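Q: With the input below, show me the fold.
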Amino acid sequence: HLATSLPLPTERDHLRPRIDLIVFMIDIKSKYSLKNIEASLAHVDASFFLGKVCFLVTGVGRVNACSIETSAVCKLGEAYCSPMLFCELELEGIRVTTAQRLLRMLQICAGHTPGVSALSFVSLLRNSDDD
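A: Take a look at the predicted model:
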């Protein structure tokens, strides 16, 4: 399911499936994109940041067209202890690889990967980033 911003409308709460993973998409070419994400983050329960949120940063292949500093986006991931995926959606190979990574994350967050929890998965990602 896709939403352009949070909070989600309440009138269909009873029909909404369980939310296993929230992917915030940030278009690095649009300052509005980052501002929208920052406003939406206030509507996410703090417990979701324990392995069920990630940031997908698009448009990274065009450095000269960026409106947002990469460091600002990275600080957002650090502040919310959430993984960051960087991709260029215009390149099919990268788009497919990114989709596969997101699906794998979703499988883990939904509890369909035995022996791996969302929290332990994010912990592994954070440890590998620190090396």
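Q: From now on I want contacts and neighbour counts done on CA atoms only, so please keep to that.
A: Noted.
Q: what pairs with F55 across the strands?
A: For F55, the beta-bridge partners are F24, M84 (DSSP bridges).
Q: Okay, it and S67: tell me how far apart.
A: 17 Å (C-alpha to C-alpha, to the nearest Å).
Q: Could you do D20 as well?
A: 31 Å.
Q: now the helices for the protein?
A: 31-41, 70-79, 92-109, 118-130 (DSSP state H).
Q: And these: which comes nearest D13?
A: In terms of C-alpha to C-alpha, the element of the helices of the chain nearest to D13 is helix 31-41, at 17.7 Å.
Q: related to what we said a few turns ago, would you convert the helices of the chain into a markdown table that also reports mean neighbour count and mean pLDDT?
A: Shown next, in a markdown table, are those (neighbours: other C-alpha atoms under 10 Å; pLDDT from 0 to 100):
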| stretch | mean neighbour count | mean pLDDT |
| --- | --- | --- |
| helix 31-41 | 16 | 92 |
| helix 70-79 | 13 | 88 |
| helix 92-109 | 16 | 91 |
| helix 118-130 | 14 | 63 |
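Q: Let me know which of those is the nearest to F49.
A: Of these, nearest to F49 by C-alpha to C-alpha is helix 118-130, at 9.0 Å.
Q: picking that back up, who has more neighbours, F55 and S67?
A: F55 (21 against 15; other C-alpha atoms under 10 Å).
Q: So V23 is in contact with C54, correct?
A: Yes: under the criterion of C-alpha atoms under 8 Å, V23 makes contact with C54 at 5.0 Å.
Q: Which one's more surrounded, those two?
A: C54 (22 against 17).
Q: Next, the contact list for the more buried one, please.
A: The contact partners of C54, by C-alpha atoms under 8 Å, 6 or more residues apart in numbering, come to 21-24, 77, 82-85.
Q: Fine by me, thanks again.
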